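Participant: Prediction below, plus the sequence it came from.
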Amino acid sequence: MSERQYERTADFPVERGYIWTSCSSVENGNPLFWDDAVAEELTGGPIAPSSMLSVWFRPHNWAPGRTEQELPLQVHFDLKEQYALPEAVMTDNTIIFYEPIRPGDVITSAQVLKSVSEEKTTKLGTGRFWVIDVEYTNQRGDLVGVESYTGFGYRR
Amino acid sequence: MTDTKTLPELTYDVTATTVVLGALATRDWRPMHHDHDFAVNRNGTADIFMNTPNLAAWFERYITDWTGPKGRLGRMTFRIRDSIFPGNVMRFTGAVRDEEVDDTGCKWVTLDIDLHADDRLATTCTARVAIPVDDSDNPWARKGDTWRP
C-alpha cells in the first residue's frame, strides 16, 4: 500500500490526431483545440483537452513481440486476481490537472494503491471497493495530473 | 455567461456509435464498451455502456462550452451511479455552487453538474474551474505556485 508501482512510459507521444478524435467524440468545439491562433494566444501553442490525461498512457491493444495483453490499470487487475473477483466497475473518479499536456509530450505514469475495503454487497454482487491513484508526469518531470479511481471488484 | 448561477442544459441522443467512438477515442479497448454480447452476458448490463474516460471528456465539453476557451479545469470529481446506454438521451444540467479568488489572484468557480440518462441520474460531477478575473486575465498563464487546483 502507498508505494509507487508499475511506473511506465507511454508507447507513443501525444499527438493531435487523437486530440481531434476525442473532441469529435463529444462534439467539443472549444477553439483552443481547433484554432491554432487561439491556442497560440492562450496557451503558447496547441494543448490536449485536460480530460484526456489517462488516454496517453493506455497501451496499444496489440504490439509486435508482445505475448500477453497489457492492462492499463494493472493494480486494479492485480486486486481482482488477489481477491478472486472476476468482474469490476469503476465508481468514483477524481482528476487534478497541473501543467497542460502538449503534442510531442511523452507521459509517464505510476500507480499507487491507497485503500481496499472489507467485503460489501451491492446490486451488482459481493466484493470490495479500492482506491488507486495514478500520477502522471511529462518528459521534463513536470507533474501534469493525478487521477484517483475507486473500483468495485465483485462476484455476481 | 448571461446567467452566472446556472449552466445551459445540454441534451444528446446516445447511439452505439457514441459509445464505441468514445471508447476508442480514449483508447479503451475493453469489450463491454463495444461488444453487446459481452456486456449483457458477462457484465450483466442492459447493453454496451459509456466508459469513464469518455464521460470525463463529456463533462469537460459541457464545462468549457460555458466558460469559453479561457476556462481551465483544476479538478473534477465524478461519481457514476448508473450506466449510459445506446438509446438513452443524456441531459447535462449544472449550477455554480461557489466562487472564490485565491491568494494568487486566480478566480475559481465550483460547479455541481448532474448527468441524467433519460430519467435516471447516471453521474454527478463536481468541478473546480479557473475563469478569468477580468478581460486581461488568462488562467492558462498560471504555473507552479500560482496554479493551485
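Facilitator: In hand now; what should we look at?

Participant: ok, which residues in chain A are in contact with chain B?
Facilitator: Chain A has residues A:18, A:21-32, A:38, A:42-43, A:49-52, A:54-55, A:58, A:61, A:72, A:87, A:89-100, A:124, A:156 near chain B, with proximity defined as CB under 8 Å from any CB of the partner chain. The C-beta positions use only the backbone N, C-alpha and C, and glycine is treated the same way.

Participant: Okay, and which of those residues map to helices?
Facilitator: If you go by DSSP state H, the residues of chain A next to chain B have A:18, A:21-25, A:31-32, A:38, A:42-43 in helices.

Participant: Quick check: the farthest pair among these?
Facilitator: Greatest spatial distance in these: A:25 and A:42, 22.8 Å, computed using CB to CB.

Participant: sorry, back to before: which of the residues of chain A next to chain B are buried?
Facilitator: A:18, A:22-23, A:25-26, A:28, A:30, A:32, A:38, A:42-43, A:49-52, A:54-55, A:58, A:72, A:87, A:89-100, A:124 (16 or more other CB atoms under 10 Å in any protein chain shown).

Participant: A helix includes residue B:24, no?
Facilitator: Yes. Counting by DSSP: H, G, I helix; E, B strand; the rest coil, residue B:24 is located in a helix.

Participant: who touches it in this structure?
Facilitator: Residue B:24 makes contact with A:21, B:34 under the criterion CB atoms under 8 Å, 6 or more residues apart in numbering or on different chains.

Participant: Same question for residue B:50.
Facilitator: Going by CB under 8 Å, 6+ apart, residue B:50 touches B:14, B:18-19, B:22-23, B:33, B:83-85.

Participant: how about CSV for the residues you listed, with distance to chain A, neighbour count and secondary structure added?
Facilitator: Listed next are the contacts of residue B:50 as CSV, based on distance: CB to the nearest CB, whole Å; neighbours: other CB atoms under 10 Å in any protein chain shown; DSSP: H, G, I helix; E, B strand; the rest coil:
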residue, distance to chain A, neighbour count, secondary structure
B:14, 11, 19, coil
B:18, 8, 21, helix
B:19, 10, 26, helix
B:22, 5, 23, helix
B:23, 9, 23, helix
B:33, 12, 21, helix
B:83, 9, 22, coil
B:84, 12, 29, coil
B:85, 14, 20, coil
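
Participant: export those to a markdown table and tack on distance to residue A:78 and pLDDT?
Facilitator: Shown next, in a markdown table, are these (distance: CB to CB, whole Å; pLDDT from 0 to 100):
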| residue | distance to residue A:78 | pLDDT |
| --- | --- | --- |
| B:14 | 33 | 98 |
| B:18 | 32 | 98 |
| B:19 | 27 | 98 |
| B:22 | 27 | 98 |
| B:23 | 23 | 97 |
| B:33 | 22 | 96 |
| B:83 | 25 | 94 |
| B:84 | 28 | 97 |
| B:85 | 30 | 98 |
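
Participant: right, and out of the residues you listed, which lies closest to residue B:73?
Facilitator: Residue B:73 lies nearest to residue B:22 out of these, by CB to CB, at 18.4 Å.

Participant: What is the burial count for the residue lying closest to that closest one once chain neighbours are set aside?
Facilitator: Spatial nearest neighbour of residue B:22, chain neighbours left out: residue B:54 (3.3 Å); criterion: CB to CB, 6 or more residues apart in numbering or on different chains. Per other CB atoms under 10 Å in any protein chain shown, the neighbour tally for residue B:54 reads 25.

Participant: any idea how far residue B:54 is from residue A:12?
Facilitator: According to CB to CB, to the nearest Å, residue B:54 stands 19 Å off from residue A:12.
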